[in-house]
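Enquirer: Sequence and predicted structure below; questions after.
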Amino acid sequence: MDLDKLSTIPRAKDAEDEKKETDGVDYSEDFFAKPAFLTVSGQLGGETHACALGDVYTFGPTFRAENSQTARHLAEFHMVEPEMAFADLTSAMDNAEGMLKYVVKDVLEKCKEDLTFFNNFYDKGLMKRLEKVVSTPF
């Protein structure tokens, strides 16, 4: 497995400082505040499977290492990632459209009570827009 060590802090010139690890990074100022390692192993597995099986999807945790001051920034989140062998841009766009329409249609069918609440108290046009996403080509 290919592991990439990452840090948002450049290597320090003087590694003798007590706060610095042996690799010269002061992790007290780093985003994760300790050494972190990321891998793309799930994506690599998906690419191999796509070559053999056609379109495949991976679902799992995704990580970001950049520090952000916004409340909406996530360091870790789950993401669905399609892998399609020998696909062109049109195929990728059609796949994304089909998946989005499938998810929105499923939410409209299975979460109607919640969506009605949001439509009535938060966004008056929500249901109409979601129904348009499902019924109208992009």
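Expert: Perfect, thanks for sending it.

Enquirer: Do you have the helices of the protein handy? List them.
Expert: For the chain, the helices defined by DSSP state H cover 41-53, 89-110, 112-121, 126-135.

Enquirer: Next one, pLDDT for residue 36 please.
Expert: pLDDT, residue 36: 73.

Enquirer: how many neighbours does it have?
Expert: If you count neighbours by other CB atoms under 10 Å, residue 36 ends up with 17. C-beta: built from backbone N, CA, C; applies to glycine.

Enquirer: for the residue nearest the centre of the chain, which residues make a bridge with it?
Expert: When CA atoms, centre = their mean is applied to the chain, the residue found nearest the centroid is residue 79 (4.1 Å). Beta-bridge partners of residue 79, counted by DSSP bridges, are residue 60.

Enquirer: unless I'm mixing things up, it is touching residue 62, no?
Expert: Yes - counting by CB atoms under 8 Å, residue 62 is a contact partner of residue 79 at 4.4 Å.

Enquirer: excluding its backbone neighbours, what's nearest residue 47?
Expert: residue 83 (5.4 Å; CB to CB, 6 or more residues apart in numbering).

Enquirer: Pull the contacting residues for that neighbour.
Expert: The neighbours of residue 83, taking CB atoms under 8 Å, 6 or more residues apart in numbering as the test, are 43, 46, 47, 49, 50, 55, 56, 57, 58.
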